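Engineer: Got a predicted model here, sequence first, then my questions.
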Amino acid sequence: MTIESIPDLPEYSEASLDNAFALLERDARSEAAAAHLRLENDPDAWENFRLGWLGRKQGRLNQISSKWLKSAPPEARKSLGMRFNAFKAVLEALFASASGSGPSDAALAAEAIDITLPGTRRLTGAEHPITRTLNEIVSVFAALGYSVGVGPEVETDYYNFESMNFPPGHPARDTQDTLVVANQDRRQPRDRLLLRTHTSPVQMRTMESQPPPVRIVIPGKVHRNDAADATHSPIFHQVEGLCVDTNVTFSDLKGTLDHAMKALFGSSVKTRFFPSFFPFTEPSADVQISCIFCGGKGCRKCKQSGWIELLGCGMVDPAVFAFAAEKQPAYDPKKISGFAFGMGVERIAMMKYGISEIGQFYAGDMRFLGQFA
Ligand code: PHE
């Protein structure tokens, strides 16, 4: 249909619009009836009907609407537009009722699927070994009544060092060198930001936010200026623990960690506590477990000693309680006591699963990760 063959609208009164659209609808309905009859010999009858009316370029609806709208006075445009929309709905309904009679054989063939082909196999997702180990450690303590806390990875100097009893300039800070955020000269030294070197700052955040008693484990990511090698990574994970109450003693600490190590590595594992130093605990200890590879007889893994060092712990230093008491006076070291511990998740996962390269955890290699699915 050419643009010339489209009837002109004599005028734009409602009555003449009624009339014009009634004529269009009558045409469309009779063509639809004809297409229906033709269908037996002409499988494209309905498609031709659709193209003839609704086609983008040649379709009558578009041609008529652009011609009529162009010459319409502004006040008639709205009414005209609404009528075109209503008419379009009629056309679509006519076409839809026709399509209900079923798609053509060709259309069916085009979308047929070959059910004899093998399907696409979807890989089952699995927990990353670090996540799995971390959750396992947390649930050992959850069973003992510990709750779970988290804190920010970008931490202030105050929480990471000062309140953990590393005074400014103290050499113990050298053992935990890290990245610091640039351009903070205008801030107080204690407010300067750095990537936390341990999860211990969350001990202080927890105590500031609640009075004792506290039993909490804190899993999270930490950062240190350590060169990567087979057993070190500048980014790794820790699980911190803190227990504060009246009359908490070193034997509670020993009993708790001995239980936890047996829960993680098997009930035949023994623990021993070696004197150590951390600024925020006094006394401090390193916990060793009997070598899980040789059962304590001595092998390459335990350097023939029969023992493997696994985590740090100690009784919370009164100086740490004094920092907490600035916000929560109930942390009075004369009335309460507590212990804390911190363990490396990678190290524990490497022991549990016999992994000798820490870098495997971060490489994203499916040959490695697939073994944990
Ligand atoms: N924060 C210590 C570290 O990262 C571990 C630790 C935590 C030691 C709590 C004692 C008590 O090395």
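Structural biologist: Nice, I can see it. Numbering: from 1, shown residues only.
Engineer: wait, what's in contact with the closest residue to the ligand within the chain?
Structural biologist: Nearest to the ligand, among the residues of the chain, is residue 342, at 2.7 Å (C-beta to the nearest ligand atom). All C-beta spots, glycine's among them, are computed from the backbone N, C-alpha and C. Residues in contact with residue 342 (C-beta atoms under 8 Å, 6 or more residues apart in numbering) are 198-200, 238-241, 311-313.
Engineer: May I ask which of these has the most neighbours?
Structural biologist: In terms of neighbour count, residue 200 stands highest of the contacts of residue 342 at 31 neighbours, by other C-beta atoms under 10 Å.
Engineer: Just give the number of residues close to the closest residue to it other than its chain neighbours.
Structural biologist: For residue 200, ignoring the flanking residues on the chain, the nearest one in space by C-beta to C-beta, 6 or more residues apart in numbering is residue 164 at 5.3 Å. Around residue 164 there are 25 other residues, counting by other C-beta under 10 Å.
Engineer: restrict the contacts of residue 342 to contacts with the ligand.
Structural biologist: Of the residues in the contacts of residue 342, proximity to the ligand by C-beta under 6 Å from any ligand atom holds for 198, 200, 240, 312-313.
Engineer: next SSE after the helix or strand of the chain with the lowest mean pLDDT?
Structural biologist: Least confident helix or strand of the chain, by mean pLDDT, DSSP states H and E, is helix 105-110 with a mean of 79. With elements assigned by DSSP states H and E, the helix or strand that comes after helix 105-110 is helix 129-142.
Engineer: can you give me the strands in the stretch 151-300 of the chain?
Structural biologist: 154-156, 193-195, 214-223, 235-245, 271-278, 281-290 (DSSP state E, counting those that start in this stretch).
Engineer: Low-confidence ranges, the stretch 51-200 of the chain, go.
Structural biologist: Along the stretch 51-200 of the chain, segments meeting pLDDT under 70 span 99-104.
Engineer: and it, which residues reach the ligand?
Structural biologist: Within the stretch 51-200 of the chain, the residues that sit near the ligand (C-beta under 6 Å from any ligand atom) are 198, 200.
Engineer: Please, where are all the helices along the stretch 251-373 of the chain?
Structural biologist: For the stretch 251-373 of the chain, the helices defined by DSSP state H, counting those that start in this stretch cover 318-325, 345-353, 366-369.
Engineer: can I get the ones you listed in JSON lines with mean pLDDT, distance to residue 136 and mean neighbour count?
Structural biologist: Listed next are the helices of the stretch 251-373 of the chain as JSON lines, based on pLDDT from 0 to 100; distance: least, C-beta to C-beta, whole Å; neighbours: other C-beta atoms under 10 Å:
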{"stretch": "helix 318-325", "mean pLDDT": "98", "distance to residue 136": "28", "mean neighbour count": "19"}
{"stretch": "helix 345-353", "mean pLDDT": "96", "distance to residue 136": "8", "mean neighbour count": "20"}
{"stretch": "helix 366-369", "mean pLDDT": "93", "distance to residue 136": "17", "mean neighbour count": "12"}
